[in-house]
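Colleague: Please find the sequence and the predicted model below.
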2 protein chains.
Amino acid sequence: MATIKDVAARAGVAVGTASRVLSGSPQTSPDSRARVLAAAAELGYIANGPARSLRRARTDVLGLLVSDIRNPFFSELAHAAEQEARAHGYTVILANANEDAAQADAVLDVFAAQRIDGLLLSPQGPKTPRLEALLASDLPIVLLNRSIEGVVAPLYGTDNAGGVAQALKWLQRRGHRDVAFIGGPETFSTGAERHDAYLAGRAAHGISTDDVLVDAGDFLADGAAEAMLRILDRGALPTAVFGANGQTTLGAMRAVHERLGAEAASLIEFVSFDDVEWFAFMSPPVSAVKNDAPEIGRAGVRGLLALIDGGTAAPQRIATVFIDRSAGGAE
Amino acid sequence: MATIKDVAARAGVAVGTASRVLSGSPQTSPDSRARVLAAAAELGYIANGPARSLRRARTDVLGLLVSDIRNPFFSELAHAAEQEARAHGYTVILANANEDAAQADAVLDVFAAQRIDGLLLSPQGPKTPRLEALLASDLPIVLLNRSIEGVVAPLYGTDNAGGVAQALKWLQRRGHRDVAFIGGPETFSTGAERHDAYLAGRAAHGISTDDVLVDAGDFLADGAAEAMLRILDRGALPTAVFGANGQTTLGAMRAVHERLGAEAASLIEFVSFDDVEWFAFMSPPVSAVKNDAPEIGRAGVRGLLALIDGGTAAPQRIATVFIDRSAGGAE
DNA sequence: TTCCGCCATGGAAACGATTCCATGACATCG
DNA sequence: CGATGTCATGGAATCGTTTCCATGGCGGAA
């Protein structure tokens, strides 16, 4: 593989000059510029990233740590973040923590070894030792989606309260009074925010405040199914179910189908925080609060780049879009 | 950030000795080993990856280029590949090409600059100049999912013929004769293989060989919807629809719903190449050929690592699993 | 014409690790 | 007891780039 030395030799200049030309320094004559560029093209020269990173003490690489890339929210977010980063000349390395603190720490070690210029972090749960160390260092960090106690980094996430309000308005319009709410874990800021917003807003939208109808899972299908069963076991028969995220809605739906059968299930309207395109084909179709995952990813990258450039980054709550698939609603 | 020089100084040894200890060379005394490790721990030393990569002329980084990370097939594959790579001490950088050759080339340039040790490539379409260059170089490469003309790298992909056979068997068991088949582009090896397997196998499974029932989209929802409409416009009224991938099934279903209405649509059974967990709640439930995306990812990484270690890698076709959600079927 | 200053350039240092080579201590074997 | 070999170690070279510093040429101003 050709090095800058080869390029310089072929162009008949010193390596310093070649470097200046290739990195666009103004201190170069048109003559040597032309010769260096020609030589580089002829040799198919591609600068050695590790060598450049070593010397410049920066890598132009961002680390993105998500809890589960298989979750569509994160895969959309990651995709958008990568596009935005590339547009600014940065590369993203993506890693999964699988909702596991030990894996998260292992990944953070790898990131540290790679000397990433900044970190986009979707936190798993409480702070880990490794994370503490990173926060203490001067690595620029932004949080995605979830906040985390005692961490001051700016958060780029969904407007949970706004999203819940959209769902509440829809539930009211559809005339639902007996609404089951399946929340997420209180330990996640997303779970807590949605839960709180629901409890705070339901009365004003004509929804029963009977807490028999409220239970929480773990944001996963199985936990949500159990929560749904608990609600049914308490003798409640809701006319609508509000799932606090996509997996939650899936689990709740599964529980309702298994316990009541497909026919009775078709009398219950589901509304979900998180949208899935297949909702259109459920019976009845499922309406949803759609997260703007791509915009969260882009905003997060922009914020992080601002921090890297020595500026400040303002946290942002990204608005949700309500997808109304009910009989009268227009999608 | 602490360097190996700091570690050596604190341990009272030369940098060479510190390096030997930290990289596990046997040429070290228990005494200096203990002191170096202690010093490293006290300083929170993490080796500078770029410096190490520069000197060793390898990065322990693999590049993974997929066409669209938002596609669940690829997000599952990427997740599994990353886990497998990490278990072997490698980091994965993931990039998206968005089904676009120019973006793919840009990504390959970035990969080349990073000096990745190997490439996992899910090809977009025909070869691009940059890809040609990489193939000509001695970079280890494996292909994922799709093959590509004139490229000799080993392919790790789905057993498309086997998957189609599973679907055909199911269609026969369900007694379907008038089956619509919505294929994918012939220019993708996956599209072509599924199409060919279907045409070759349908007669033996008691399915009509009338080509009025066969059309192809572009593996995306909109293109599939158009293909489905063309079939209906030809006057065909299938009792079952076989979509050649997940997006295709989605589009076909949308077309059927829009054209015939939900009620008539519920008389048509869909079967899909690619599984989606929401299929369970469609009416009727949708059965599917499930790709083992994680295993494809893992096998691809193992093959690539074998190539990197100077060995050879045998291509592999990973078996599919049929998920029968029909009335009589057991999931 | 002389002097000053600018600017392109060459050469070398530096980044942080690995690895080669030479050295010296020590043990083993004849 | 001397020669030989083994082995841990220190020191230095090296990877490919960027950047600093010194130099020399050239133009413009006085």
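Modeller: That came through, no problem. Residues are numbered from 1 along each chain as shown, chains lettered A, B, ... in the order given.
Colleague: ok, now which ones touch the residue of the stretch 101-250 of chain A found nearest DNA strand D?
Modeller: Nearest to DNA strand D in the stretch 101-250 of chain A, going by CB to the nearest atom of the strand, is residue A:115, at a distance of 13.4 Å. Placement of C-beta: from N, CA and C, glycine included. For residue A:115, the contact set (CB atoms under 8 Å, 6 or more residues apart in numbering or on different chains) comprises A:53, A:57, A:58, A:59, A:61, B:48, B:49, B:50.
Colleague: quick one: which helix or strand includes the fourth one?
Modeller: Yep, that's residue A:59 we're talking about. In this assignment (DSSP states H and E), residue A:59 forms part of neither any helix nor any strand.
Colleague: what pLDDT does the closest residue to it other than its chain neighbours get?
Modeller: Closest residue to residue A:59 apart from its sequence neighbours, by CB to CB, 6 or more residues apart in numbering or on different chains: residue A:53 at 4.4 Å. On the pLDDT scale, residue A:53 is placed at 97.
Colleague: quick one: least confident helix or strand in chain A?
Modeller: Across the helices and strands of chain A, the lowest-confidence element by mean pLDDT, DSSP states H and E is helix A:129-136, at a mean of 89.
Colleague: packing partners for that one?
Modeller: Packing partners of helix A:129-136 (3 or more CB pairs under 8 Å, 6 or more residues apart in numbering or on different chains; DSSP states H and E): helix A:101-114.
Colleague: ok, now how distant is the residue in chain A that DNA strand C sits nearest to from DNA strand D?
Modeller: The minimum distance from chain A to DNA strand C, using CB to the nearest atom of the strand, falls at residue A:16 (2.8 Å). The gap separating residue A:16 from DNA strand D is 3 Å, by CB to the nearest atom of the strand, to the nearest Å.
Colleague: Just give the number of residues close to that residue.
Modeller: The number of residues packed near residue A:16 is 12, by other CB atoms under 10 Å in any protein chain shown.
Colleague: Residue A:214 too?
Modeller: By the criterion of other CB under 10 Å, residue A:214 has 21 neighbours.
Colleague: Now do the buried residues in stretch A:260-277.
Modeller: Of the residues in stretch A:260-277, A:265, A:268, A:269, A:270, A:271, A:272, A:273, A:274, A:275, A:276 count as buried by neighbour count, 16 or more other CB atoms under 10 Å in any protein chain shown.
Colleague: For the stretch 51-200 of chain A, what lies in contact range of DNA strand D?
Modeller: Within reach of DNA strand D by CB under 7 Å from any atom of the strand, the stretch 51-200 of chain A has these residues: A:51, A:52, A:54, A:55, A:56.
Colleague: Please tabulate those residues in CSV and include neighbour count as additional columns.
Modeller: Formatted as CSV, those follow (neighbours: other CB atoms under 10 Å in any protein chain shown):
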residue, neighbour count
A:51, 17
A:52, 18
A:54, 19
A:55, 12
A:56, 11
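Colleague: ok, those vs residue B:179, which is closest?
Modeller: Nearest to residue B:179, judged by CB to CB, of these is residue A:52 at 57.2 Å.
Colleague: you'd agree that closest one is in a helix?
Modeller: Yes: secondary structure of residue A:52 (DSSP: H, G, I helix; E, B strand; the rest coil): part of a helix.
Colleague: distance of it from residue A:115?
Modeller: From residue A:52 across to residue A:115, the span is 12 Å (CB to CB, to the nearest Å).
Colleague: now swap in residue A:206 and tell me
Modeller: From residue A:206 to residue A:115 the distance is 56 Å (CB to CB).
Colleague: same deal with residue A:318?
Modeller: In this view, residue A:318 and residue A:115 are 30 Å apart by CB to CB.
Colleague: One more: residue A:142?
Modeller: In this view, residue A:142 and residue A:115 are 18 Å apart by CB to CB.
Colleague: where does chain A have low pLDDT?
Modeller: Per-residue confidence of chain A (counting by pLDDT under 70) places the weak regions at A:329-331.
Colleague: Any chance you could list what contacts the longest helix seen in it?
Modeller: Longest helix in chain A by number of residues (criterion: DSSP state H): helix A:246-265. Identification of contacts with helix A:246-265 by CB under 8 Å, 6+ apart yields A:71-73, A:180, A:182-184, A:217, A:219-229, A:232, A:241, A:243, A:268, A:270, A:272-276, A:282, A:286, B:277-278, B:280-281, B:283.
Colleague: and after that helix, which helix or strand comes next?
Modeller: The helix or strand immediately downstream of helix A:246-265 is strand A:269-273, counting by DSSP H and E.
Colleague: give the contact list for residue A:63.
Modeller: Applying CB under 8 Å, 6+ apart, the residues near residue A:63 are A:92, A:93, A:95, A:107, A:111, A:114, A:116, A:118, A:119, A:120.
Colleague: between the strand or helix carrying it and helix B:101-114, what angle do the directions make?
Modeller: Assigned by DSSP H and E, residue A:63 belongs to strand A:61-66. Computed by axes from the mean of the first three to the mean of the last three CA atoms, to 10 degrees, the angle separating strand A:61-66 from helix B:101-114 equals 110 degrees.
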